[in-house]
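[1] Just to be clear, the model below is a prediction. Sequence and coordinates:
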Number of protein chains: 2
Amino acid sequence: MTREQLFEQIIKKQSFLCVGLDTDIRKIPQHLLQEEDPIFSFNKAIIDATAAYCVAYKPNLAFYESMGVRGWISFEKTIQYLNENYPEQMIIADAKRGDIGNTSAMYARTFFEEINVDAVTVAPYMGEDSVTPFLGYEGKWVILLALTSNKGSHDFQLTEDANGEKLFEKVLHKSQEWADANQMMYVVGATQGKAFEDIRRIAPDHFLLVPGVGAQGGSLEEVCKYGMNKNCGLIVNSSRAIIYADTTEQYAEVAAQKAKEVQEQMAAELAKAGF
Amino acid sequence: MTREQLFEQIIKKQSFLCVGLDTDIRKIPQHLLQEEDPIFSFNKAIIDATAAYCVAYKPNLAFYESMGVRGWISFEKTIQYLNENYPEQMIIADAKRGDIGNTSAMYARTFFEEINVDAVTVAPYMGEDSVTPFLGYEGKWVILLALTSNKGSHDFQLTEDANGEKLFEKVLHKSQEWADANQMMYVVGATQGKAFEDIRRIAPDHFLLVPGVGAQGGSLEEVCKYGMNKNCGLIVNSSRAIIYADTTEQYAEVAAQKAKEVQEQMAAELAKAGF
């Protein structure tokens, strides 16, 4: 998926919502446990119910790995279902991978060739040769961790070097030597508020993947005020607040309702910005 | 596995070798492709041939994930085989995971409860709450990335803050507030030479997992000179130089020979240090 295609979808749907598929067997409605593949059944129902209100889905690998082989089957079926039925949706594998060159190349092959997602989240700690193997695929994206939504983001990401440059700013600067805004996005937590201004000074054109609205407490309005750019430039993720909004047999309808509410807020923000 | 048990194994075997199971379907001997599970068959033969010369095995998750569901089956069978037949071996899942708290907790549960490995490699970029969920398991280890073996390690890990402290040094300092040398180790690349002196100043007691000897060009003698401590304190990994030393039907015997050569060099280093 190209940047233009993503922007087109955002305008068409009046939404920049990404639904996080953090599917946990202990949290899905109990009646699904009788199904052959409860995780996939849940994902399929959530996707069918919410696809009209979002532009991306983000399965978090941790939740699938926790189920071992069964989890991988559910993960692969979910990706296949999305690719076959909703090819306009961006699929983000939230994997936070990153290793020496030959190993990162292996991860890239897995996610982009075998499983066929559109984007992978990557951790920057190991530097250039841990990231660049993910960049050789046309229409595929690296989403690099910059300033994350969690409390621990303060431990290292805000450390200033001798010139006053913070580590996350260095990540933004340095990584732009490896790829431009057509291949790279950045993870910036919604909880970071005005830091979006600093980020937009360094990376004005890039899309930002923004977790932390909803369960983690970030404000959509603030994210839009400081983070939106001329191509919208935002994909805002919500996981638990949508997919676990209800745990009865009506879970999918309630998830759709929650996604629609977020979409309407997003439409208002897009209107404010003239889109 | 406790620190004392690991040290006992090192003394008993006169080895601190970890064999990296970076098992790639494209690189294993061709005759194995007729087997039902070529990856597991290869691992089993390599393990049986080398177990006398090493104290740990380190499967790299990227290589298993690249095979999808089949790869996860091979991975789980390999761990089960090690736990059943070689319980004295430390099993390190080289996964380089790390995410917000609830997600890291999920990864920890997967690796320590479901799959039952002894240690997981973790990336520090997201800070405390991305690491601590891995620390609640008795006898289990976090191996935190500090100073890696690749060229890209220079991009961020060597960045100095206003007080002249490098990022990897900050990782070493800060993480000691979260766990001590009985639960945490650090990844330090063999290619980093004299940096081991700086690391030992900050982390004198910790075990270090050292990749980069062999294919990546690090020197065992130099690693031992600057990195060994009073409990040996080193686990040195070799992957490709051992497991792919030969690609004929004799691959396991040749791997054993290569592992034995490294073990003998390690015995000499242990003798120098009086162990």
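    On my side now, so go ahead.

[2] tell me the pLDDT at the residue of chain A most remote from its centre?
    Most distant residue from the mean C-alpha position of chain A: A:Ala162, 32.5 Å away (C-alpha atoms, centre = their mean). A:Ala162 carries a pLDDT value of 91.

[3] so how far is B:Asn163 from it?
    To B:Asn163, A:Ala162 is 9 Å away according to C-beta to C-beta, to the nearest Å. Where you see a C-beta, it was placed from the backbone N, CA and C, and this is true even at glycine.

[4] To which secondary structure element type does A:Ile235 belong?
    Secondary structure assignment for A:Ile235 (DSSP: H, G, I helix; E, B strand; the rest coil): strand.

[5] So it sits against A:Met185, correct?
    Yes. The pair formed by A:Ile235 and A:Met185 meets the contact definition of C-beta atoms under 8 Å, at 7.5 Å.

[6] so what's in contact with the two at the same time?
    A:Phe207, A:Leu208, A:Leu209 (C-beta atoms under 8 Å, 6 or more residues apart in numbering or on different chains).

[7] Pick out whichever of these sits closest to A:Ser66.
    The nearest member of these to A:Ser66, counting by C-beta to C-beta, is A:Leu209 at 22.3 Å.

[8] Mind listing what's buried along the helix of greatest length in chain A?
    Ranked by number of residues, the top helix in chain A under DSSP state H is helix A:251-272. For helix A:251-272, burial by neighbour count (16 or more other C-beta atoms under 10 Å in any protein chain shown) applies to A:251-252, A:254-260, A:262-263, A:265-267, A:269-270.

[9] ok, now stretch A:218-228?
    Those would be A:Gly218, A:Leu220, A:Glu222, A:Val223, A:Cys224, A:Lys225, A:Tyr226, A:Gly227, A:Met228, for stretch A:218-228 by 16+ other C-beta under 10 Å.

[10] Could you list which residues are in contact with the third one?
    By C-beta under 8 Å, 6+ apart, the contact list for A:Glu222 reads A:Ala190, A:Gly193, A:Lys194, A:Phe196.

[11] Which element, helix or strand, includes the nearest residue to the last one once chain neighbours are set aside?
    Just to be clear, that refers to A:Phe196. Leaving out its chain neighbours, the residue that sits closest to A:Phe196 by C-beta to C-beta, 6 or more residues apart in numbering or on different chains is A:Tyr226, at 3.5 Å. If you go by DSSP states H and E, A:Tyr226 is part of helix A:220-227.

[12] Show me how far that helix is from its chain's centre.
    Chain-centre distance of helix A:220-227: 17 Å, with C-alpha atoms, centre = their mean, to the nearest Å.

[13] what do you get for stretch A:136-148?
    That offset, for stretch A:136-148, works out to 10 Å (C-alpha atoms, centre = their mean).

[14] circling back: so how far is chain B from the residue farthest from the centre of chain A?
    Separation of A:Ala162 from chain B (C-beta to the nearest C-beta, to the nearest Å): 6 Å.

[15] isn't that residue right up against B:Thr159?
    No. Using C-beta under 8 Å, A:Ala162 makes no contact with B:Thr159, being 9.0 Å away.

[16] Which residues of the stretch 151-275 of chain A lie near chain B?
    Contact residues (C-beta under 8 Å from any C-beta of the partner chain) of the stretch 151-275 of chain A with chain B: A:151-157, A:159-162, A:164, A:167, A:170-171, A:174, A:211, A:216.

[17] what about 6 Å?
    The stretch 151-275 of chain A comes close to chain B at residues A:Lys151, A:Gly152, A:Ser153, A:Asp155, A:Phe156, A:Thr159, A:Glu160, A:Asp161, A:Ala162, A:Lys174, as judged by C-beta under 6 Å from any C-beta of the partner chain.

[18] residues in contact with A:Thr121?
    Neighbouring residues of A:Thr121 by C-beta atoms under 6 Å, 6 or more residues apart in numbering or on different chains: A:Asp94, A:Ala95, A:Lys96, A:Ile143.

[19] And the last one, what's its pLDDT?
    Here the pLDDT value assigned to A:Ile143 is 98.

[20] From A:Lys44, how far off is A:Lys77?
    For A:Lys77, the distance to A:Lys44 equals 8 Å [C-beta to C-beta].

[21] Mind checking which of the contacts of A:Glu222 are in helices?
    A:Phe196.

[22] now, which of the contacts of A:Glu222 sits nearest chain B?
    A:Ala190 (12.3 Å; C-beta to the nearest C-beta).

[23] thinking that closest one is in contact with A:Leu208, fair?
    No. Applying C-beta atoms under 6 Å, one finds A:Ala190 not in contact with A:Leu208, separated by 9.8 Å.

[24] Please give the element, helix or strand, for A:Ala179.
    Going by DSSP H and E, A:Ala179 is not in any helix or strand.
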